[in-house]
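> sequence isn't available, so here's the structure alone:
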């Protein structure tokens, strides 16, 4: 409470100066208010008006801030504290390669709905995927919504933007049981044999496979505890590899030993120990990457790129052998379609549903954050079974085949009757 020169209280933010003038001071929404007047009544009216304008108006200090400048402030305060370290560089890069590059130098207060739509239209002309456009729009929408909440703008220009939909949907790759068996046969003498077996037996993400340590294997409880993930990406042209937290909260999970999991892990442990002993100081596993379950033959971590290259080699070998057999048998070769690490994860999920597992249990095993992700794979399995069951219906609607089937049935019945007659005759004799 301020006072006048006689000691009388004037109210919050008000005081009388030694020169006799009255002063009103306050700070509202980052805006400094400092008013003077000889008339206290008049000053109070002006003071209340200034405070009201400060409460309702945009922060004038940020009227000149550009979109790129605000993005950095927003990103540092709202996003970085809440996302994985490995997500910082990709997320920032995606912004600067889209909206940051196109309208990043514009003042936030000057950006209109039309400017946002033009960026999306340009991305579409460049052939960007619909998912990329929606991801970029979502990021800048979130950024500008925060600008609105911080009173930099009064309307978010990112709403009611038209983003073209893609007609095609990405087809998930699943291996049939026959394909899975053929793949595992091909890796029988491969260094990564045990790793591929564990991928088919657990459905782990390739990052989780690469980040798995021996202390994560609970031999008493017979389970694998997912505690971390291996990440490798290029940041400003530099290859960066680190162990990070799993993808989501649901990714922290325990996967029980199923089928020959324990046998495979013991085999991997024995093989790795032999290799360590043979290489001695040349074994490359050290520091935070020490004690990894799966490594290269030299002890380096198995990053996604390593797994992808090895899978391609296996697929190539399978198709090469199939081509040879097809020539010998004078038939067309059956192509083993291209494969990637995540397809093995899909395949595990598919096998679970084929065995009749409950969807919630499968979600837990997979570490899916959303139940819908698990159900999408379940839908694939049920659609495949649906097609198989429908195929059993055959062509009974075709007249000729109906008659043919009828004749076949009659012949079978007659044959059965003749057999019975012969049996009766034999018994009678």
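Cool, got the structure. What you see is a predicted model, and the numbers here were worked out from it, not measured in a lab.

> what about the residue most central in space within the chain, is that helix, strand or coil?
For the chain, residue 247 is the residue whose C-alpha lies nearest the centre (C-alpha atoms, centre = their mean; 7.5 Å). Three-state call for residue 247 (DSSP: H, G, I helix; E, B strand; the rest coil): coil.

> how near is it to residue 342?
Using C-beta to C-beta, to the nearest Å, we find residue 247 at a distance of 12 Å from residue 342. Where C-beta positions appear, they are placed from N, C-alpha and C, glycine not excepted.

> so who does residue 95 touch?
Residue 95 makes contact with 71, 75, 136, 139, 140, 143, according to C-beta atoms under 8 Å, 6 or more residues apart in numbering.

> what's the farthest-apart pair in those?
Farthest apart among these by C-beta to C-beta are 75 and 136. That separation is 14.1 Å.

> quick one, which of the two is more surrounded?
residue 136 (22 against 18; other C-beta atoms under 10 Å).

> identify the bridge partners of residue 27.
Beta-bridge partners for residue 27, by DSSP bridges, are residue 32.

> that one and residue 33 touch, don't they?
Yes - between residue 27 and residue 33 a contact is recorded at 7.0 Å, counting by C-beta atoms under 8 Å.

> identify the contacts common to those two.
Counting by C-beta under 8 Å, 6+ apart, nothing touches both residue 27 and residue 33.

> you'd agree residue 210 is up against residue 241?
No - if you go by C-beta under 8 Å, residue 210 and residue 241 don't touch, sitting 9.4 Å apart.

> now the strands for the stretch 1-150 of the chain?
Under the criterion DSSP state E, counting those that start in this stretch, the stretch 1-150 of the chain contains strands at 2-3, 9-11, 14-16, 22-28, 31-37.

> returning to that earlier point: pretty sure the residue nearest to the centre of the chain contacts residue 205?
Yes - between residue 247 and residue 205 there is a contact at 6.8 Å, judged by C-beta under 8 Å.

> who's more crowded, residue 210 and residue 241?
residue 210 (28 against 15).

> hmm, back to that, what do residue 247 and residue 205 both touch?
Among the neighbours of residue 247, those also in contact with residue 205 (C-beta under 8 Å, 6+ apart) are 229, 367.

> thinking again about what came up before, contacts only, for the residue nearest to the centre of the chain.
Contacts for residue 247 (C-beta under 8 Å, 6+ apart) come out as 205, 207, 229, 367, 369.

> tell me the pLDDT of it.
According to the prediction, residue 247 has pLDDT 78.

> what's the answer for residue 28, then?
For residue 28, the pLDDT comes out at 79.

> and residue 276, how many neighbours?
Neighbourhood size, residue 276 [other C-beta under 10 Å]: 14.

> and it, that one's in a strand?
No - counting by three-state DSSP, residue 276 falls outside a strand, being helix.

> these two touch, right, it and residue 282?
No - look at residue 276 against residue 282 with C-beta under 8 Å: they stay out of range, at 9.8 Å.
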